[in-house]
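Engineer: Here is a sequence together with a model predicted from it:
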Amino acid sequence: MKIIKKILLLLLIVFVVAQFFGPDKNQGDLVSIEPFLAETNPPESVKVILKESCYDCHSNVTRYPWYNNITPVNYWMADHVKDGKKHFNFSNWEGLSVKKKDHKFEELIEMVDEREMPLPSYTWTHTEAKLSDAQIDEIVEWAQQVRFKYSLLPKPE
């Protein structure tokens with residue numbers, strides 16, 4: 001029984017010490033999203049949806065909940081955001097080619113239309129991020145318009 005108490009005490013000490021360490025936070029400013037918004041010109045309702053359901057994981061502007069201060073949750077969230085930004089990052093839109101932007105919107109349409117985004121693990125704690133059928137239709141329609149605009153632009157060989 002003494003060994004179990006010692007192990008539990010050691011685990012508690014490790015857990016407490018771990019709270020003093022954590023990953024860097026993903027906190028830029030909304031200015032980084034302006035080039036994306038200017039180029040794609042979403043209606044106000046879509047801007048709200050993007051802010052509520054997408055920016056936390058797909059931009060340099062993450063709003064962190066209180067539980068992000070707990071290790072190891074903060075490492076899990078940091079990895080989640082890093083992965084999300086790898087697939088689609090509103091904050092580095094200017095550096096992408098027209099072909100790449102069009103492909104990103106193709107993926108956006110697919111993921112939203114098939115209800116794969118936003119992720120269930122995100123909407124469990126961010127209920128405002130759950131998308132209604134009408135919101136999904138609105139995002140898909142806007143994204144298709146953006147893709148049409150990109151199809152009219154010259155693409156370098």
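Structural biologist: Thanks, I have the structure now. Numbers count the residues shown, from 1 in each chain.
Engineer: alpha carbons only for contacts and neighbour counts from here, please
Structural biologist: Fine.
Engineer: Off-centre distance for the host helix or strand of residue 142?
Structural biologist: Assigned by DSSP states H and E, residue 142 belongs to helix 133-152. Per Cα atoms, centre = their mean, to the nearest Å, the displacement of helix 133-152 from the mean C-alpha position of its chain is 19 Å.
Engineer: Mean confidence (pLDDT) on it, please.
Structural biologist: Mean pLDDT, helix 133-152: 94.
Engineer: which other residues reach it?
Structural biologist: With Cα atoms under 8 Å, 6 or more residues apart in numbering as the test, helix 133-152 has contacts from 40, 42, 46, 49, 98-99, 101-102, 105-106, 108-109, 112-113.
Engineer: Can you flag the buried ones in those residues?
Structural biologist: 40, 42, 46, 49, 98, 101-102, 105-106, 108-109, 112 (16 or more other Cα atoms under 10 Å).
Engineer: Show me which of these is closest to residue 118.
Structural biologist: Minimum distance to residue 118 across those is 7.4 Å, recorded for residue 112 (Cα to Cα).
Engineer: Alpha carbons of whichever strand or helix holds residue 107, in PDB - could you do that?
Structural biologist: Residue 107 belongs to helix 98-113 when assigned by DSSP H and E. Extracted C-alpha coordinates of helix 98-113, given in PDB (Å, rounded to 0.1, in the frame of the first residue of the first chain):
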ATOM      1  CA  VAL A  98      -4.700  30.800 -57.500                       C
ATOM      2  CA  LYS A  99      -4.600  27.100 -58.200                       C
ATOM      3  CA  LYS A 100      -3.800  26.400 -54.500                       C
ATOM      4  CA  LYS A 101      -6.600  28.800 -53.300                       C
ATOM      5  CA  ASP A 102      -9.100  27.100 -55.600                       C
ATOM      6  CA  HIS A 103      -8.100  23.700 -54.300                       C
ATOM      7  CA  LYS A 104      -8.400  24.900 -50.700                       C
ATOM      8  CA  PHE A 105     -12.000  26.100 -51.500                       C
ATOM      9  CA  GLU A 106     -12.700  22.700 -53.100                       C
ATOM     10  CA  GLU A 107     -11.700  21.000 -49.900                       C
ATOM     11  CA  LEU A 108     -13.700  23.500 -47.800                       C
ATOM     12  CA  ILE A 109     -16.800  22.800 -49.800                       C
ATOM     13  CA  GLU A 110     -16.300  19.000 -49.400                       C
ATOM     14  CA  MET A 111     -15.500  19.100 -45.700                       C
ATOM     15  CA  VAL A 112     -18.400  21.400 -44.800                       C
ATOM     16  CA  ASP A 113     -20.900  19.800 -47.100                       C
END
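Engineer: Sounds good, over and out.
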